[in-house]
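> I need the structure of the sequence given here:
(one chain, ligands or ions: 1)
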Amino acid sequence: MNVLKVAICGGGRTGHLNAVLFKQLPDVQVSLLTRNAQVVEQHLRRTPIQALMPDGSTLSAQLDRVTTDAKAAVEDADIVIITVPAHARPQTLQSIAAHLSTDKPVYIGAIPGFCGFDWLAEAALAQRPNLVIWGMKDVPHTAFDLKPGRSIRMGGGKSQLYVATHARESQASRQQLGELLSRLYGPCVTLLDNYLEITLTPGNPIMHSSVIYGLIGPYGQWHRKIFPQPLCWWTECPELGAYFLERMDEESQRLCAVISERLGVDLSSVKSLKQEIVDAYGEQIRDRSSMLSILRTNQAYNDILAPMVPADNNRAGYVIERQSRAFNEDVAYGLVLLVEMARRFELKVPYIEEVLQWSVAYMQGLRDSALDYFPRHWPHAA
Ligand SMILES: NC(=O)c1ccc[n+]([C@@H]2O[C@H](COP(=O)([O-])OP(=O)(O)OC[C@H]3O[C@@H](n4cnc5c(N)ncnc54)[C@H](OP(=O)(O)O)[C@@H]3O)[C@@H](O)[C@H]2O)c1
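This next block holds a predicted model:
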């Protein structure tokens with residue numbers, strides 16, 4: 001079997017876990033691009049990285065290369081996997097683009113592939129026909145409790161992994177990608193027909209923003225107040241947040257239906273958020289009667305803290321962090337994209353817009369967003 005050279009960009013939780021899992025496979029070389037000198041230092045000391053598995057066992061791996069140098073990380077890669085959050089992807093792509101091989105196919109993808117990674121990669125990697133752009137709908141497993149360069153804890157895994165390619169990719173490239181990803185993840189990889197199936201699948205962008213709006217937005221019980229202690233995202237989700245989430249989920253489904261009809265594409269694989277959560281977590285949800293009860297009684301969501309920081313000016317307590325990923329990633333790269341897609345189809349999404357406008361004000365304006373790469377003429381060809 002040919003050696004498969006994998007480059008993982010981003011030394012966070014997802015990056016560490018995937019790197020260790022890949023190194024359990026025969027003939028797979030893994031290089032990791034990180035900005036974290038600590039991770040490089042541990043590698044140079046030959047410290048293995050451990051993945052602590054849900055059944056209590058431990059997997060261990062010595063990666064082939066761990067580096068802060070983009071060229072060294074990706075120059076010979078067959079497949080590149082970007083695991084940085086959506087708002088950091090433009091910079092990552094910029095740093096690696098010039099160093100990717102030009103004389104063999106290189107499969108460059110994002111995990112997770114939401115926030116229109118296909119459009120970003122198309123813009124950042126123009127005129128590079130040997131690059132095959134892909135994204136995975138979700139992370140294959142949750143990953144938490146990272147000790148950089150040392151260990152990562154693996155949570156629940158998905159039974160099916162859905163992958164899509166940019167519309168420009170040929171059938172042969174898609175098939176080759178399917179084979180590569182099956183080698184890395186096993187037979188659970190399914191290729192979707194259209195990247196929009198990933199982009200329109202509801203997830204964190206509507207989940208995080210609606211809950212924050214329900215807590216501290218203009219009608220929330222914590223509006224302009226300080227939380228006495230950190231709060232759990234889901235087990236302590238407010239009724240108002242669940243209400244907005246359900247409304248935003250409905251609008252997102254409507255957008256999907258309109259796009260499907262007008263563009264004549266089959267998006268029937270895109271389910272409502274409620275259905276996505278029930279399908280993903282099944283028996284772990286004690287009460288499936290409403291969005292609120294699903295969020296509050298999903299055991300997999302227990303103990304996940306909302307992004308909070310100590311209040312300023314020596315005040316006791318906590319506030320929702322303005323610089324958190326719930327804003328920088330989910331609002332700027334997720335909600336913004338949904339609203340712009342709806343606008344292009346003249347579809348009204350008032351709940352999503354209300355939450356977006358408030359969120360942008362709370363984060364004190366957008367510095368960058370998915371609009372930086374969303375094709376200007378979409379859904380029409382340029
Ligand atoms: N962890 C999970 O279970 C989980 C579950 C669902 C979805 N996700 C999604 O998976 C993606 C990666 O999540 P993660 O949990 O692996 O994140 P993470 O642990 O925070 O790792 C992200 C890594 O990206 C790199 N990075 C580069 N620029 C960054 C920036 N501006 N801000 C933050 N990180 C930056 C950093 O690595 P270097 O220091 O090496 O550059 C960082 O460690 C996100 O889109 C997240 O929403 C994760």
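
> The residue of the stretch 151-300 of the chain found nearest the ligand: what's it in contact with?
Relative to the ligand, the nearest point of the stretch 151-300 of the chain is residue 204 (5.9 Å; CB to the nearest ligand atom). C-beta: built from backbone N, CA, C; applies to glycine. Residue 204 makes contacts with 114, 326, 329-330, 334, as judged by CB atoms under 8 Å, 6 or more residues apart in numbering.

> again, only this time at 7 Å
The contact partners of residue 204, by CB atoms under 7 Å, 6 or more residues apart in numbering, come to 330, 334.

> Centre-most residue in this structure?
residue 112 (3.6 Å; CA atoms, centre = their mean).

> what's the span of stretch 76-96, first residue to last?
One end of stretch 76-96 sits 12 Å from the other (CA to CA, to the nearest Å).

> Next, the buried residues of that stretch.
76-90, 92-93, 95-96 (16 or more other CB atoms under 10 Å).

> how far does it sit from the chain's center?
Distance of stretch 76-96 from the chain centroid (CA atoms, centre = their mean, to the nearest Å) equals 13 Å.

> Ok, stretch 242-261 next?
So, by CA atoms, centre = their mean, the centroid of stretch 242-261 is 19 Å from its chain's centroid.

> What residues sit buried inside that stretch?
242-253, 255-256, 259-260.

> And the contacts of that stretch?
Stretch 242-261 has contacts (CB under 7 Å, 6+ apart) with 196, 200, 202, 206-207, 210-211, 213-214, 266-267, 270, 272-274, 291-292, 295, 338, 341-342, 345, 347, 349, 351-352, 355.

> Likewise for stretch 350-369?
By CB under 7 Å, 6+ apart, stretch 350-369 touches 87, 209-210, 213, 217, 244, 247-248, 251, 322, 327, 331-333, 335-336, 338-339.

> Does it reach the ligand?
No: counting by CB under 6 Å from any ligand atom, no contacts exist between stretch 350-369 and the ligand, the nearest distance being 10.6 Å.

> tell me the mean pLDDT over that stretch?
Averaging pLDDT along stretch 350-369 gives 97.

> Pull it out as PDB, backbone CA atoms only.
What follows is stretch 350-369, C-alpha atoms only, in PDB (Å, rounded to 0.1, in the frame of the first residue of the first chain):
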ATOM      1  CA  PRO A 350     -36.700  37.900  10.500                       C
ATOM      2  CA  TYR A 351     -35.800  35.800  13.600                       C
ATOM      3  CA  ILE A 352     -32.300  35.100  12.300                       C
ATOM      4  CA  GLU A 353     -31.900  38.700  11.300                       C
ATOM      5  CA  GLU A 354     -33.000  40.000  14.700                       C
ATOM      6  CA  VAL A 355     -30.500  37.700  16.500                       C
ATOM      7  CA  LEU A 356     -27.700  38.500  14.000                       C
ATOM      8  CA  GLN A 357     -28.200  42.300  14.400                       C
ATOM      9  CA  TRP A 358     -28.100  42.100  18.100                       C
ATOM     10  CA  SER A 359     -25.100  39.700  18.100                       C
ATOM     11  CA  VAL A 360     -23.100  42.000  15.800                       C
ATOM     12  CA  ALA A 361     -23.800  44.900  18.100                       C
ATOM     13  CA  TYR A 362     -22.800  42.900  21.200                       C
ATOM     14  CA  MET A 363     -19.500  41.900  19.500                       C
ATOM     15  CA  GLN A 364     -19.000  45.600  18.700                       C
ATOM     16  CA  GLY A 365     -19.100  45.100  14.900                       C
ATOM     17  CA  LEU A 366     -17.800  42.600  12.400                       C
ATOM     18  CA  ARG A 367     -14.200  42.900  11.500                       C
ATOM     19  CA  ASP A 368     -14.200  40.000   9.000                       C
ATOM     20  CA  SER A 369     -16.900  37.600   7.900                       C
END
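
> Give me the buried positions along it.
Neighbour-count burial for stretch 350-369, counted by 16+ other CB under 10 Å, picks out 351-356, 358-360, 362-363, 366, 369.

> So which of those residues are in helices?
351-356, 358-360, 362 (DSSP state H).

> residues from the stretch 1-150 of the chain in reach of the ligand?
10-14, 34-36, 83-86, 88, 112, 139, 142-144, 146.

> and with 5 Å instead?
10-14, 34-36, 84-85, 88, 139, 142-143 (CB under 5 Å from any ligand atom).

> Output those as TSV; include the columns pLDDT.
Output for these, formatted as TSV (pLDDT from 0 to 100):
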residue	pLDDT
10	98
11	98
12	98
13	98
14	98
34	98
35	98
36	98
84	98
85	98
88	98
139	94
142	88
143	93
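
> Residues touching stretch 28-37, excluding its own?
Contacts of stretch 28-37 (CB under 7 Å, 6+ apart): 3-9, 11, 15, 19, 22-23, 40, 63-68, 70, 73-74, 148.

> Now the buried members of the residues you listed.
Buried residues within the contacts of stretch 28-37, defined by neighbour count using 16+ other CB under 10 Å: 4-9, 11, 15, 19, 22-23, 40, 63-67, 70, 73-74, 148.
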